[in-house]
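Enquirer: Okay, predicted coordinates and the sequence, questions at the end:
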Amino acid sequence: MKNPRKNSYNWLPDFVYGGIDGAVTTFAVVAGVEGASLSAPIILILGFANLFADGFSMATSKYVSDKTQQEQYKKIYRQELKNIEADFRHKDEQLDHIISNYGFKGKDLASAKAVFQKNPQALVDLIMRNEHNLTEENIDPKKGAVATFGSFLLIGFIPLMVYVIQPLTHLDAQKNFIATIIATLIGLFIVGAIKSRFTEQHWGVSGLETVFLGGTAATIAYVVGFLLRNIGT
């Protein structure tokens, strides 16, 4: 018997997840290299290496995690369905226990039980939620990995963008870094504001929170790079 029909995959949470990580990690690389007073070519080499390698690693982890979650749910679901078919009396007692926890008693309990007993699929879903604390998530491992990787590259490119167009802007190193900071923080704020769609946070608060976290990571990287700038000399 098949599981209930799921809603279409929502790519936006994975896009936000990948975008924030892409911007933060790439910005941290740029800040660390700037703190070490290294040249723009070094920033681009390390930045793009991080962008693609870390982005692919994150997408792979996302795929494996979602696929494992799906397989775990399906395995337990099938096993519970088999258990119902093999020993319905045991599940009858289990159903009594679950439904009574919702406050059903007497005739109401019997009526609620009858509804689930006529629909094994609904009964398994109830058991999955209450006995295993599992629900069928609206995920798609392949699409999730693509959305994560795509957003990681797109948003993660922002900290490198100013350095890529530096031959056209002719900004000095200090102004270049300041422009990068501004562009990255704006990007983080926008992604953070989008994140508020999945939470009860105000979009402004969510945006500022993301900016703070990204800025903190970059500050740490900058300080480490600054402290180690003379190593090996």
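Expert: Noted; the coordinates are in hand. Residues are numbered from 1 along each chain as shown.
Enquirer: Residue 213: helix or strand, and which one exactly?
Expert: helix 203-227 (DSSP states H and E).
Enquirer: quick one: contacts of that helix?
Expert: Outside of helix 203-227, the residues within contact range by CB atoms under 8 Å, 6 or more residues apart in numbering are 20, 23-25, 27-37, 181, 184-185, 188-193, 195-196, 199, 201. (Each C-beta comes from the backbone N, C-alpha and C, glycine too.)
Enquirer: are any of these buried, and which?
Expert: Buried members of these, scored by 16 or more other CB atoms under 10 Å, are 20, 23-25, 27-36, 181, 184-185, 188-193, 195-196, 201.
Enquirer: Show the subsequent helix or strand relative to the helix or strand bottoming out on mean pLDDT in the chain.
Expert: Across the helices and strands of the chain, mean pLDDT, DSSP states H and E gives its lowest value to helix 88-100, namely a mean of 72. Note on helix 88-100: by DSSP H and E, the next helix or strand toward the C-terminus is helix 106-117.
Enquirer: helices or strands up against that next one?
Expert: Helix 106-117 makes packing contacts with helix 88-100, helix 120-131 when contacts are defined by 3 or more CB pairs under 8 Å, 6 or more residues apart in numbering; DSSP states H and E.
Enquirer: could you give the angle of it to helix 120-131?
Expert: 110 degrees (axes from the mean of the first three to the mean of the last three CA atoms, to 10 degrees).
Enquirer: Low-confidence ranges, this protein, go.
Expert: 1-7, 87-91, 232-233 (pLDDT under 70).
Enquirer: that older thread, among the contacts of helix 203-227, which lie within strands?
Expert: Cross-referencing the contacts of helix 203-227 against strands under DSSP state E gives no overlap.
Enquirer: quick revisit: export the helices and strands packed on helix 106-117 as a markdown table, with columns for distance to residue 173 and mean neighbour count.
Expert: Shown next, in a markdown table, are these (distance: least, CB to CB, whole Å; neighbours: other CB atoms under 10 Å):
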| stretch | distance to residue 173 | mean neighbour count |
| --- | --- | --- |
| helix 88-100 | 65 | 15 |
| helix 120-131 | 57 | 18 |
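Enquirer: possible to save these as JSON lines with distance to residue 210?
Expert: What follows is the helices and strands packed on helix 106-117, written out as JSON lines (distance: least, CB to CB, whole Å):
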{"stretch": "helix 88-100", "distance to residue 210": "40"}
{"stretch": "helix 120-131", "distance to residue 210": "32"}
